[in-house]
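Q: What shape does this take:
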Amino acid sequence: MKNFIQLHDGMRILELGPNEVSTLPAYNLFCKPDYCYFDQLEWPIIKSYGGRSLGNYASGDNIRREFSAGSLDLIHSSHSLEHINPISLNNLFDGFSAAIADGGHLFFEIPDDYAYEGLSPPHTLFFTEACIRTLLERHNFEIVSVGHWDGGGRLSDHSGERPKQHTAETTKKSMLGYVRSIIGRIILGNETLSRITKPWRLRRAFGQIVKQIPTPYEASPYYRVLARRRER
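A: Here you go, the predicted structure:
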(Lines give C-alpha, C1' and ligand atoms only; values in the text may rest on other atoms or scores of the structure.)
Protein backbone atom coordinates (compact mmCIF):
# COMPACT_ATOMS: atom_id res chain seq x y z
CA MET A 1 0.00 0.00 0.00
CA LYS A 2 2.77 2.40 0.97
CA ASN A 3 4.43 1.88 -2.43
CA PHE A 4 1.41 3.28 -4.27
CA ILE A 5 -0.40 5.67 -1.92
CA GLN A 6 0.78 8.83 -0.17
CA LEU A 7 -0.25 8.16 3.42
CA HIS A 8 -0.92 11.33 5.43
CA ASP A 9 -2.43 12.43 8.71
CA GLY A 10 -6.17 12.85 8.60
CA MET A 11 -6.72 10.73 5.49
CA ARG A 12 -10.17 9.16 5.61
CA ILE A 13 -10.13 5.36 5.51
CA LEU A 14 -13.08 2.98 5.52
CA GLU A 15 -12.48 -0.73 6.11
CA LEU A 16 -14.99 -3.51 5.49
CA GLY A 17 -14.93 -6.53 7.82
CA PRO A 18 -11.67 -5.78 9.63
CA ASN A 19 -11.97 -8.48 12.29
CA GLU A 20 -10.32 -7.95 15.65
CA VAL A 21 -7.18 -6.00 14.78
CA SER A 22 -7.81 -4.45 11.36
CA THR A 23 -5.28 -2.52 9.29
CA LEU A 24 -5.46 0.50 11.61
CA PRO A 25 -2.37 -0.35 13.74
CA ALA A 26 -0.35 -0.77 10.53
CA TYR A 27 -1.55 2.56 9.08
CA ASN A 28 -0.72 4.22 12.39
CA LEU A 29 2.94 3.41 11.79
CA PHE A 30 2.95 5.92 8.92
CA CYS A 31 0.11 8.37 9.61
CA LYS A 32 -2.82 9.17 11.88
CA PRO A 33 -5.87 8.44 9.74
CA ASP A 34 -9.54 9.21 10.30
CA TYR A 35 -10.54 5.55 10.32
CA CYS A 36 -13.95 3.86 10.50
CA TYR A 37 -15.30 0.43 9.70
CA PHE A 38 -18.29 -1.83 9.13
CA ASP A 39 -18.30 -5.18 10.93
CA GLN A 40 -20.73 -7.39 12.81
CA LEU A 41 -18.88 -6.74 16.07
CA GLU A 42 -17.21 -3.72 17.62
CA TRP A 43 -13.57 -4.31 18.41
CA PRO A 44 -11.85 -2.79 21.49
CA ILE A 45 -8.40 -2.82 19.83
CA ILE A 46 -9.68 -0.70 16.95
CA LYS A 47 -11.37 1.69 19.36
CA SER A 48 -8.12 2.08 21.33
CA TYR A 49 -6.49 3.38 18.13
CA GLY A 50 -9.28 5.87 17.55
CA GLY A 51 -11.28 3.87 15.01
CA ARG A 52 -15.08 4.16 14.82
CA SER A 53 -17.71 1.52 14.12
CA LEU A 54 -20.43 2.49 11.62
CA GLY A 55 -22.59 -0.60 12.01
CA ASN A 56 -22.55 -4.22 10.98
CA TYR A 57 -23.38 -4.10 7.29
CA ALA A 58 -21.64 -2.24 4.46
CA SER A 59 -24.16 -1.77 1.69
CA GLY A 60 -23.83 0.82 -1.03
CA ASP A 61 -26.77 2.70 0.47
CA ASN A 62 -25.20 2.70 3.94
CA ILE A 63 -21.90 4.00 2.56
CA ARG A 64 -23.64 6.84 0.70
CA ARG A 65 -25.61 7.63 3.86
CA GLU A 66 -22.46 7.86 6.00
CA PHE A 67 -20.19 9.67 3.55
CA SER A 68 -20.73 12.64 1.29
CA ALA A 69 -19.66 12.32 -2.34
CA GLY A 70 -15.91 12.19 -2.80
CA SER A 71 -15.09 12.33 0.90
CA LEU A 72 -13.06 9.11 1.32
CA ASP A 73 -9.39 8.69 0.46
CA LEU A 74 -9.30 4.90 0.70
CA ILE A 75 -11.62 1.93 1.09
CA HIS A 76 -9.91 -1.24 2.31
CA SER A 77 -11.45 -4.72 2.19
CA SER A 78 -9.59 -7.98 2.82
CA HIS A 79 -11.50 -11.21 2.17
CA SER A 80 -14.92 -9.69 2.66
CA LEU A 81 -16.36 -9.11 -0.82
CA GLU A 82 -16.72 -12.84 -1.48
CA HIS A 83 -19.39 -12.95 1.27
CA ILE A 84 -21.62 -10.25 -0.26
CA ASN A 85 -25.09 -11.15 -1.46
CA PRO A 86 -24.55 -11.37 -5.26
CA ILE A 87 -27.52 -9.11 -6.00
CA SER A 88 -25.91 -6.39 -3.84
CA LEU A 89 -22.47 -6.30 -5.47
CA ASN A 90 -23.10 -3.54 -8.00
CA ASN A 91 -24.91 -1.45 -5.40
CA LEU A 92 -21.91 -1.80 -3.09
CA PHE A 93 -19.50 -0.70 -5.81
CA ASP A 94 -21.80 2.20 -6.65
CA GLY A 95 -21.34 3.25 -3.02
CA PHE A 96 -17.56 2.87 -3.31
CA SER A 97 -17.49 4.97 -6.46
CA ALA A 98 -19.66 7.71 -4.96
CA ALA A 99 -17.78 7.97 -1.65
CA ILE A 100 -14.18 7.83 -2.88
CA ALA A 101 -12.62 11.10 -3.96
CA ASP A 102 -11.26 11.56 -7.47
CA GLY A 103 -7.82 9.99 -7.38
CA GLY A 104 -8.70 8.11 -4.18
CA HIS A 105 -8.17 4.38 -3.93
CA LEU A 106 -10.01 1.11 -3.47
CA PHE A 107 -7.98 -1.84 -2.19
CA PHE A 108 -9.30 -5.36 -1.82
CA GLU A 109 -8.20 -8.96 -1.54
CA ILE A 110 -10.51 -11.76 -2.65
CA PRO A 111 -9.98 -15.54 -2.95
CA ASP A 112 -9.40 -17.15 -6.30
CA ASP A 113 -11.60 -20.17 -5.69
CA TYR A 114 -11.28 -21.30 -9.29
CA ALA A 115 -7.50 -21.68 -8.94
CA TYR A 116 -7.92 -24.91 -7.00
CA GLU A 117 -11.27 -25.91 -8.52
CA GLY A 118 -13.08 -25.69 -5.24
CA LEU A 119 -15.90 -23.38 -4.17
CA SER A 120 -15.77 -22.52 -0.50
CA PRO A 121 -18.97 -21.90 1.47
CA PRO A 122 -19.87 -19.45 2.88
CA HIS A 123 -18.44 -17.68 -0.18
CA THR A 124 -21.26 -16.36 -2.32
CA LEU A 125 -19.22 -14.69 -5.09
CA PHE A 126 -16.43 -16.20 -7.18
CA PHE A 127 -14.06 -13.95 -9.10
CA THR A 128 -11.74 -14.18 -12.07
CA GLU A 129 -9.25 -11.52 -13.10
CA ALA A 130 -11.38 -10.62 -16.14
CA CYS A 131 -14.42 -10.24 -13.86
CA ILE A 132 -12.47 -7.94 -11.52
CA ARG A 133 -11.32 -5.70 -14.37
CA THR A 134 -14.83 -5.47 -15.84
CA LEU A 135 -16.36 -4.67 -12.44
CA LEU A 136 -13.88 -1.86 -11.76
CA GLU A 137 -14.22 -0.39 -15.25
CA ARG A 138 -17.99 -0.34 -14.91
CA HIS A 139 -17.74 1.68 -11.68
CA ASN A 140 -15.22 4.28 -12.88
CA PHE A 141 -12.05 2.80 -11.42
CA GLU A 142 -8.75 2.23 -13.16
CA ILE A 143 -6.35 -0.54 -12.19
CA VAL A 144 -3.19 0.49 -10.37
CA SER A 145 -1.99 -3.00 -9.46
CA VAL A 146 -3.34 -6.54 -9.69
CA GLY A 147 -1.41 -9.28 -7.94
CA HIS A 148 -2.15 -12.98 -7.67
CA TRP A 149 -1.05 -15.00 -4.65
CA ASP A 150 -0.68 -18.61 -5.74
CA GLY A 151 -0.99 -20.08 -2.25
CA GLY A 152 2.60 -21.31 -2.30
CA GLY A 153 4.45 -18.21 -1.22
CA ARG A 154 4.53 -16.25 -4.49
CA LEU A 155 2.70 -13.05 -5.44
CA SER A 156 2.82 -12.36 -9.18
CA ASP A 157 2.05 -8.93 -10.65
CA HIS A 158 -0.61 -8.93 -13.38
CA SER A 159 -0.88 -5.14 -13.65
CA GLY A 160 0.33 -4.89 -17.22
CA GLU A 161 0.76 -7.38 -20.03
CA ARG A 162 1.27 -10.88 -18.74
CA PRO A 163 4.81 -12.22 -19.20
CA LYS A 164 5.45 -14.89 -21.80
CA GLN A 165 5.39 -18.41 -20.51
CA HIS A 166 9.06 -19.03 -21.26
CA THR A 167 11.55 -16.23 -20.64
CA ALA A 168 15.32 -16.04 -20.32
CA GLU A 169 14.89 -15.92 -16.55
CA THR A 170 12.72 -19.04 -16.37
CA THR A 171 15.08 -20.87 -18.72
CA LYS A 172 18.01 -19.92 -16.48
CA LYS A 173 16.18 -21.18 -13.38
CA SER A 174 15.32 -24.50 -15.02
CA MET A 175 18.97 -25.02 -16.12
CA LEU A 176 20.20 -24.24 -12.59
CA GLY A 177 17.74 -26.75 -11.19
CA TYR A 178 19.01 -29.38 -13.62
CA VAL A 179 22.66 -28.69 -12.67
CA ARG A 180 21.80 -28.86 -8.96
CA SER A 181 20.11 -32.24 -9.42
CA ILE A 182 23.24 -33.64 -11.12
CA ILE A 183 25.49 -32.31 -8.33
CA GLY A 184 23.15 -33.80 -5.75
CA ARG A 185 23.34 -37.24 -7.35
CA ILE A 186 27.15 -37.04 -7.46
CA ILE A 187 27.36 -36.09 -3.78
CA LEU A 188 24.94 -38.79 -2.62
CA GLY A 189 26.79 -41.38 -4.73
CA ASN A 190 30.13 -40.67 -3.05
CA GLU A 191 30.48 -41.86 0.54
CA THR A 192 33.07 -39.24 1.55
CA LEU A 193 31.24 -36.30 -0.04
CA SER A 194 27.94 -37.51 1.39
CA ARG A 195 29.40 -37.61 4.92
CA ILE A 196 31.00 -34.14 4.59
CA THR A 197 27.82 -32.49 3.29
CA LYS A 198 25.41 -34.25 5.64
CA PRO A 199 25.06 -31.30 8.12
CA TRP A 200 24.34 -28.88 5.25
CA ARG A 201 21.80 -31.26 3.73
CA LEU A 202 20.06 -31.67 7.09
CA ARG A 203 19.81 -27.88 7.49
CA ARG A 204 18.41 -27.57 3.99
CA ALA A 205 15.86 -30.33 4.65
CA PHE A 206 14.81 -28.58 7.85
CA GLY A 207 14.37 -25.33 5.89
CA GLN A 208 12.11 -27.10 3.41
CA ILE A 209 10.01 -28.49 6.26
CA VAL A 210 9.63 -25.02 7.81
CA LYS A 211 8.39 -23.67 4.48
CA GLN A 212 5.57 -26.24 4.53
CA ILE A 213 4.26 -25.12 7.93
CA PRO A 214 0.84 -23.46 7.37
CA THR A 215 0.78 -19.69 7.67
CA PRO A 216 -1.45 -18.13 10.38
CA TYR A 217 -3.91 -17.03 7.69
CA GLU A 218 -5.72 -18.84 4.93
CA ALA A 219 -3.03 -19.40 2.29
CA SER A 220 -5.35 -20.34 -0.56
CA PRO A 221 -4.90 -18.51 -3.88
CA TYR A 222 -6.22 -14.95 -3.91
CA TYR A 223 -6.15 -11.67 -5.83
CA ARG A 224 -4.77 -8.44 -4.41
CA VAL A 225 -6.15 -5.38 -6.20
CA LEU A 226 -5.52 -1.66 -5.96
CA ALA A 227 -7.65 0.66 -8.10
CA ARG A 228 -7.89 4.46 -8.45
CA ARG A 229 -11.12 6.42 -8.77
CA ARG A 230 -11.25 8.27 -12.09
CA GLU A 231 -12.09 11.96 -12.23
CA ARG A 232 -15.80 12.66 -12.39
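Q: Pull up the per-residue confidence for the closest residue to Glu42 other than its chain neighbours.
A: Spatial nearest neighbour of Glu42, chain neighbours left out: Ser53 (4.6 Å); criterion: CB to CB, 6 or more residues apart in numbering. Backbone N, C-alpha and C define where each C-beta goes, glycine included. On the pLDDT scale, Ser53 is placed at 96.
Q: and what of Arg229?
A: 98.
Q: what residues are up against the closest residue to His76 other than its chain neighbours?
A: The shortest distance from His76 to any non-neighbouring residue, by CB to CB, 6+ apart, is to Glu15 (4.5 Å). The contact partners of Glu15, by CB atoms under 8 Å, 6 or more residues apart in numbering, come to Ser22, Thr23, Leu24, Tyr35, Cys36, Tyr37, Phe38, Ile75, His76, Ser77.
Q: Report the beta-bridge partners for the residue nearest to Glu42.
A: Tyr37 (DSSP bridges).
Q: I figured it hits Tyr35, correct?
A: No - assessed by CB atoms under 8 Å, Ser53 is found out of contact with Tyr35, at 10.6 Å.
Q: Of these two, which one has the most company?
A: Tyr35 (23 against 15; other CB atoms under 10 Å).
Q: elements contacting the helix or strand hosting the more buried one?
A: Applying DSSP states H and E as the criterion places Tyr35 in strand 34-38. Contacts defined by 3 or more CB pairs under 8 Å, 6 or more residues apart in numbering; DSSP states H and E place strand 34-38 against strand 12-16, strand 52-53.
Q: got JSON lines for those, with distance to Asn190 too?
A: Formatted as JSON lines, those follow (distance: least, CB to CB, whole Å):
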{"stretch": "strand 12-16", "distance to Asn190": "58"}
{"stretch": "strand 52-53", "distance to Asn190": "66"}
